[in-house]
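In: fold the following, please.
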Amino acid sequence: MYAEVIKADPDFGCVPFKAAERTLDALPPGLVGEWRALAQDGAEPNSFQEITLFGAAWAQLPHEDVRLIEVRSPDGVLAGSIALHIAPTLGRMRVRHVANWRYEHDYLGMPLVRRGCERAFWGAVLDYLDAAAWAAGLLHIRGLVEGGPVQLGLAAAAAERGRATPVVHRIRRALLESDLGPKAYYEQAVRKKKRKEIGRLNSRLAEQGELRFQTLEPGGDGLEKWCEAFLALERSGWKGREKSALACHAENERFLRDALAAAHAEGRLQIRSLDLDGRPIAMLINLLAPPGAFMFKTAYDEDYARFSPGVLLQIENLDILERDGIAWMDSCADQNHPMIDGLWTERRDIVRVTVRLAGFRRGLAYACCRGAEEGWARAKRLMRRPL
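Out: Numbering: from 1, shown residues only. The predicted structure is shown next:
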């Protein structure tokens, strides 16, 4: 399916799409509208690059020396946008290079690109960086869906310029995607013995008081109350003790409030809660981006950890499988996550790729980095061999 998207118009890579740079403090209203339309016609959904979250991050989180690159078609239509900056290190190597900017709460760095314009978008970006004096080293793009149209478009544009796009890092994280209903999916994903144990925990928790699942759906009332409850719940646990909870830092709290308000106004937000005697003991935030969705943030009350309230809420969340317009949900979780990997059986590969930029010094930096990366990869393979 993805390959067909890239090959749909074999000539569009030659169309003179143009890239232009913006350095700005606030996103202008005109660009906001164009970005919203871009998301509606995107090659791949990515809530973290939509104006709802990206706009909140741009307004509330640090972004010094970030350059916003827009690519437009010959008739002026926004074909894609990517935020770039100069990163000082590449892995363990002190090599200045161009990388896509990812704010702290961005779990998928892939840029928004208009459907059918993938190769033309990346071609314009590469040509722009080749000519840009500030573009040091090589291009390093993080957070691409492997095998998706955006990654394939980059590979095609680079190949046209005689360049490779090697994958230099890969993680595999849980994905929910099935034609089964919630009950059938749960029964095939979780073995019977484990389901019985979860049922027992649910019964024991119900003995502590009145249990109730609640959901704030798009268009629902009381967002501020839901936001306050989530911030308080997250801060009450280990994240609060380690000062990593959103509410521990004013800019992160403002980001969440702004992001959720914007997503709710666009009908792209769902918040779920498991309440005990009217008080939430587990919550999660879903971002809806048809045909997909993203599980954004979760929190639970550690006083009830022995009952696994987060797992109980995730089982309730399986009803996303029946939601019109949503075919899959990305967990946004770490690889081999101990909880969600045991509930969701599908996986999604998220990769980082590097691309050589034009110029002798840039080519030398790229060659040195690739040589070091390949050497480390060989060493790891040798270390894994049995003696």
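
In: quick one, strands of the stretch 201-350 of the chain?
Out: Remark: strands assigned in the stretch 201-350 of the chain by DSSP state E, counting those that start in this stretch are 211-216, 269-276, 279-289, 292-300, 328-330, 346-355.

In: as TSV, the ones you listed with mean pLDDT, distance to Gly33 and mean neighbour count would be great.
Out: C-beta here means a position set from N, CA and C on the backbone, and glycine is covered the same way. Formatted as TSV, these follow (pLDDT from 0 to 100; distance: least, CB to CB, whole Å; neighbours: other CB atoms under 10 Å):
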stretch	mean pLDDT	distance to Gly33	mean neighbour count
strand 211-216	98	26	16
strand 269-276	98	20	23
strand 279-289	98	18	23
strand 292-300	98	23	23
strand 328-330	98	26	23
strand 346-355	98	29	20
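
In: Pro45: which of these is closest?
Out: Among these, the nearest to Pro45 by CB to CB is strand 279-289 (3.7 Å).

In: who does that closest one pair up with?
Out: Each strand paired with strand 279-289, and its direction, by DSSP bridges: strand 269-276 (antiparallel), strand 292-300 (antiparallel).

In: using JSON lines, lay out those strands together with distance to Arg352.
Out: Converted to JSON lines, the strands paired with strand 279-289 look like this (distance: least, CB to CB, whole Å):
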{"stretch": "strand 269-276", "distance to Arg352": "29"}
{"stretch": "strand 292-300", "distance to Arg352": "19"}
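
In: between these, which gets nearest to Gly91?
Out: Nearest to Gly91, of the strands paired with strand 279-289 and by CB to CB, is strand 292-300 at 26.4 Å.

In: so how far is the closest one off the chain centroid?
Out: Computed by CA atoms, centre = their mean, to the nearest Å, the chain-centroid distance of strand 292-300 equals 11 Å.

In: how many residues are close by Gly42?
Out: 22 (other CB atoms under 10 Å).

In: residues in contact with the closest residue to it other than its chain neighbours?
Out: Counting by CB to CB, 6 or more residues apart in numbering, Gly42 lies nearest to Leu112, which is 5.2 Å off, once chain neighbours are set aside. For Leu112, the contact set (CB atoms under 8 Å, 6 or more residues apart in numbering) comprises Trp35, Leu38, Ala39, Gly42, Asn46, Gln49, Glu50, Gly80, Ser81.

In: the same query, at a cut-off of 6 Å, please.
Out: Leu112 sits next to Leu38, Ala39, Gly42, Gln49 when contact means CB atoms under 6 Å, 6 or more residues apart in numbering.

In: could you export the strands of the stretch 201-350 of the chain as CSV, including distance to Lys193?
Out: As requested, the strands of the stretch 201-350 of the chain are arranged in CSV below (distance: least, CB to CB, whole Å):
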stretch, distance to Lys193
strand 211-216, 23
strand 269-276, 23
strand 279-289, 23
strand 292-300, 23
strand 328-330, 26
strand 346-355, 22
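
In: figure out which of those is closest to Pro74.
Out: Of all the strands of the stretch 201-350 of the chain, strand 346-355 comes closest under CB to CB, at 24.2 Å.

In: who are the packing partners of that closest one?
Out: strand 139-145, strand 167-176 (3 or more CB pairs under 6 Å, 6 or more residues apart in numbering; DSSP states H and E).

In: with only the CA atoms kept, save stretch 312-326 in PDB.
Out: C-alpha atoms of stretch 312-326 as PDB (Å, rounded to 0.1, in the frame of the first residue of the first chain):
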ATOM      1  CA  LEU A 312      -8.000  -2.200  33.900                       C
ATOM      2  CA  LEU A 313      -8.300   1.100  32.100                       C
ATOM      3  CA  GLN A 314      -6.400  -0.100  29.100                       C
ATOM      4  CA  ILE A 315      -8.700  -3.000  28.700                       C
ATOM      5  CA  GLU A 316     -11.600  -0.600  28.700                       C
ATOM      6  CA  ASN A 317      -9.700   1.500  26.100                       C
ATOM      7  CA  LEU A 318      -9.900  -1.500  23.700                       C
ATOM      8  CA  ASP A 319     -13.300  -0.200  22.600                       C
ATOM      9  CA  ILE A 320     -11.300   2.200  20.300                       C
ATOM     10  CA  LEU A 321     -11.400  -0.800  18.000                       C
ATOM     11  CA  GLU A 322     -15.100  -0.100  17.400                       C
ATOM     12  CA  ARG A 323     -14.700   3.600  16.900                       C
ATOM     13  CA  ASP A 324     -15.700   4.900  13.400                       C
ATOM     14  CA  GLY A 325     -12.700   6.300  11.400                       C
ATOM     15  CA  ILE A 326     -10.000   4.800  13.700                       C
END
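
In: and it, which residues are buried?
Out: Neighbour-count burial for stretch 312-326 flags Leu312, Leu313, Gln314, Ile315, Glu316, Asn317, Leu318, Ile320, Leu321, Ile326 (criterion: 16 or more other CB atoms under 10 Å).

In: all strands for the stretch 1-150 of the chain, in order.
Out: Using DSSP E, counting those that start in this stretch, strands in the stretch 1-150 of the chain cover 18-22, 67-72, 78-87, 97-100, 112-113, 139-145.

In: closest to Leu126 out of those strands?
Out: Here strand 139-145 is closest among those (CB to CB), at 7.3 Å.
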